[in-house]
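1. quick one, structure for this:
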Amino acid sequence: MSDIRRAVLAISIPVMLSSAAFAQNDLSAQAPAARPLFTDVTQESGIADVVRQHKQFMAEALAKRGDPEYREWWLSGFTLLDLDGDGSLDLHLGGHGQYATFAYNDGKGHFTRVDGKYDVKRGSQKPDQAANPDIPFPGGEIRLVYDLNEDGKLDLLTSYGDSAGQVYLNDSKPGNPPVFNCKPYDAGFDAFSRGTAMVDLNRDGIVDYMCTGDQGRRSEFNTLNVSLGKGDGKWEGGPKITVPKEAGAIPVDINGDGLLDLLASQRGYNPSRRWILLNDPRAAATMPSTVPASHRLAFTRSLDSGLSENGTIQGVGDLNQDGNLDLICIDEVPVDAASAATTRPVTKLQLAVYFNDGKGHFTRQLVEGLRTPKMANWGGAVVADFDNDGIADFVVNGRNFLYFFRGTSQGKFELANAQWGLPDSIGPAVDEGLCFGDIDGDGDLDVVTYAPNQNRGVAVYRNDTPTKHWLNVELVGKKGNQGAAGSIIRILEPNTGKLLWHEQVAIWGRQSFHSYYFAANTQRHFGLGDRQSVDAEVIFYPSGKKVQNKAITADKTITMRED
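-> You can find the predicted model right below:
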């Protein structure tokens, strides 16, 4: 039995964290599933044909260009998004510095290739250039998806290669077939990004844009640029925050004070490094009076969180469903004494999770039995319920792995790739490779990723886990933050009020990695197991307004509005 099949994370965190809290199970003792619980539908979904056609087109285009470096399509990431607003997730397949391709979804998980009209000029443009014409969809990579002008349509932040970005407003329309149209747009911020997030940092009710670009790639630190929202789809320059090299930041409240903190990890071809930056209003209040009120933001690095600087934070979520946000990380850890006595390196990289006590102090559990990651600084992680049993699962990817962990109870997990029939070895060049969403409308989360064994082809996996109940919660905040960034969703057991799920909406990405799928309005998916009804409440950010919905019947999407 391989190390991958044996890998397990079995964690039980008692309330006081006082006794032997961890246990180990051996997955090798488990009988294999009769059939994989995720079915490869790359062919029947139509995506195999979409990929084949685009590969042929790109080979011809690159040959015509005489490109000495690239002779085939550099597939660089996947994005599931409802671009035409018909309620179904379409699929964008990126190209690094190349043409992308795009396929629309008929709502049942079958995709049709859209004519890219590649003869139309596209790409990044400088402020003094005439606007490029509209195109059906952009390329090469989608860096973030967000309704910038709050017209109910998802807009796109894209990259056309290193240091070349463009923003597009979406003017697509549903139909048979749909009409896809994207308009180049100047939002008031630098369109190129490495790490991105939409977040109302200054709490004025208008969402801000936060990103790092290529500045500082060769410096010790980097600048996290905050563009302050002005409303109506426009932003202007704001504060600059020092972060590790090439780091973006995940904006979440890690210590329960109601303010958004920043989780920043060094990226690119650099040693691992991570910081937790706590929102510090006291430090902000001491800024000179010449600093505008909207710019008065201060963050102080946490030095007692329980995390060393050596490692990365891949993602965040409530792993043990206790109402606190936990961390999924790659750590740099010492090797055992026997190995240290040889010529081998004295440290290694290892997957770890950190459980939060609610005040921003964390307890680590290392994940044993996995292949050592090649690098710490790529990929991402997401907490979601992939088998709809009501217990949190998580998925983490990097270079070149993709691991799905199935939750069993109260923060205990087992590696699920083999049982579910999902690859654990894939071929992302950098951060791309993790993409999920309900492509066939049956209420569970399907997966799009690279083909296994580090092949840079595409694989689509339909979720065929046993049918359980589920709920999608769609959020609509007030004008200015209609995407409800920073808001908290709580799913509760009717009558008792027992907490079942807790999620803070963080809209962030790193290159072609996205932290969630993109429905027309911000949406989060929750498995309910055998429960046929639940209560839901949303605490909208930054207003703190609580909206409740009682006795919700399972297996549907509900919309909860701040107004």
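
2. which stretches of the stretch 351-500 of the chain form strands?
-> All strands of the stretch 351-500 of the chain, identified by DSSP state E, counting those that start in this stretch, fall at 362-366, 380-384, 393-397, 402-409, 412-415, 435-437, 446-450, 458-463, 469-476, 488-492, 499-504.

3. dump the ones you listed to CSV, plus mean neighbour count.
-> C-beta coordinates here come from the backbone N, C-alpha and C atoms, glycine included. Output for the strands of the stretch 351-500 of the chain, formatted as CSV (neighbours: other Cβ atoms under 10 Å):
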stretch, mean neighbour count
strand 362-366, 18
strand 380-384, 23
strand 393-397, 25
strand 402-409, 22
strand 412-415, 22
strand 435-437, 25
strand 446-450, 25
strand 458-463, 22
strand 469-476, 21
strand 488-492, 20
strand 499-504, 20
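
4. figure out which of these is closest to Thr312.
-> Closest of these to Thr312 is strand 380-384, at 9.8 Å (criterion: Cβ to Cβ).

5. which elements pack onto that closest one?
-> Using 3 or more Cβ pairs under 8 Å, 6 or more residues apart in numbering; DSSP states H and E, the elements in contact with strand 380-384 are strand 311-317, strand 393-397.

6. pLDDT below threshold where in the stretch 251-400 of the chain?
-> Regions of the stretch 251-400 of the chain meeting the criterion pLDDT under 70 cover residues 336-345.

7. follow-up on the earlier one: need the strands of the stretch 351-500 of the chain in TSV (columns: distance to Gly95).
-> Below are those laid out as TSV (distance: least, Cβ to Cβ, whole Å):
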stretch	distance to Gly95
strand 362-366	37
strand 380-384	20
strand 393-397	20
strand 402-409	21
strand 412-415	32
strand 435-437	15
strand 446-450	14
strand 458-463	12
strand 469-476	31
strand 488-492	35
strand 499-504	32
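
8. out of these, nearest to Leu262?
-> Between these, strand 499-504 lies closest to Leu262; by Cβ to Cβ that is 13.3 Å.

9. sheet-wise, list the partners of the closest one with their directions.
-> Here strand 499-504 is paired, per DSSP bridges, with strand 488-492 (antiparallel).

10. need the contact partners of the partner strand.
-> 323, 471, 473, 475, 498-505, 524, 526, 528, 534-539, 541 (Cβ atoms under 8 Å, 6 or more residues apart in numbering).

11. quick one: secondary structure of the closest residue to Ile142 other than its chain neighbours?
-> Of all residues not flanking Ile142 in the chain, Thr79 sits nearest, at 4.5 Å (Cβ to Cβ, 6 or more residues apart in numbering). Here Thr79 takes the strand state, with states given by DSSP: H, G, I helix; E, B strand; the rest coil.

12. Thr79 and Thr101 touch, don't they?
-> No - using Cβ atoms under 8 Å, Thr79 is not in contact with Thr101; the gap is 11.6 Å.

13. between these two, who's got more neighbours?
-> Thr79 (30 against 25; other Cβ atoms under 10 Å).

14. tell me the pLDDT at the more buried one?
-> We note a pLDDT of 97 for Thr79 in this prediction.

15. that one and Tyr516, how far apart?
-> Using Cβ to Cβ, to the nearest Å, Thr79 is found at 11 Å from Tyr516.

16. which stretches of the protein have low pLDDT?
-> Within the chain, the stretches with pLDDT under 70 are 1-34, 215-217, 336-345.

17. now the common contact residues for Thr79 and Thr101.
-> Residues touching both Thr79 and Thr101 (Cβ under 8 Å, 6+ apart) are His92.

18. Leu91 contacts Leu80, doesn't it?
-> Yes - Leu91 sits in contact with Leu80 when judged by Cβ under 8 Å, with a separation of 5.9 Å.

19. now do the same contact list for the nearest residue to Leu471 once chain neighbours are set aside.
-> Take Leu471 and drop its neighbours on the chain: the residue closest to it by Cβ to Cβ, 6+ apart is Phe526, 5.0 Å away. Going by Cβ under 8 Å, 6+ apart, Phe526 touches Asp385, Trp470, Leu471, Asn472, Val473, Ile489, Ile491, Leu500, Trp501, Glu503.

20. swap the cut-off to 6 Å and go again
-> Phe526 sits next to Leu471, Ile491, Trp501 when contact means Cβ atoms under 6 Å, 6 or more residues apart in numbering.

21. how about Ala191?
-> By Cβ under 6 Å, 6+ apart, the residues touching Ala191 are Gly165, Gln166, Val167.

22. and the contacts of whichever strand or helix holds the last one?
-> Per DSSP states H and E, Val167 falls inside strand 165-170. Strand 165-170 is contacted from outside by 124, 138, 153-159, 182-183, 185, 187, 191-192, using Cβ under 6 Å, 6+ apart.

23. just the buried subset of the residues you listed, written out for ChimeraX, thanks.
-> The ChimeraX selection below is limited to those of these classed as buried (16 or more other Cβ atoms under 10 Å):
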select :124,138,153,154,155,156,157,158,159,182,185,187,191,192
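
24. of the contacts of strand 165-170, which belong to helices?
-> With helices taken from DSSP state H, there is no overlap with the contacts of strand 165-170.

25. I'd like to know how many residues surround Val333.
-> As a burial measure, Val333 scores 15 neighbours (other Cβ under 10 Å).

26. so how far is Glu562 from it?
-> Taking Cβ to Cβ, one finds Val333 at 44 Å from Glu562.

27. next: Glu309.
-> Distance from Glu309 to Glu562, counting by Cβ to Cβ: 38 Å.

28. for the two, indicate the residue with more neighbours.
-> Glu562 (18 against 14).

29. and of the strands of the stretch 351-500 of the chain, who's closest to Met58?
-> Counting by Cβ to Cβ, Met58 lies closest to strand 458-463 out of the strands of the stretch 351-500 of the chain; the figure is 13.6 Å.

30. and the helices in the stretch 401-550 of the chain?
-> Here the stretch 401-550 of the chain has its helices, by DSSP state H, counting those that start in this stretch, at 417-420.

31. helices or strands next to the helix or strand Ala61 falls within in the packing?
-> Using DSSP H and E, Ala61 falls within helix 47-65. Packing partners of helix 47-65 (3 or more Cβ pairs under 6 Å, 6 or more residues apart in numbering; DSSP states H and E): strand 111-113, strand 458-463.

32. which parts of that helix are buried?
-> Going by neighbour count (16+ other Cβ under 10 Å), the buried part of helix 47-65 is Ile47, Ala48, Val50, Val51, His54, Phe57, Met58, Leu62.

33. just give me the closest of those to Val353.
-> Relative to Val353, the closest of those is Ile47; by Cβ to Cβ it sits at 32.3 Å.
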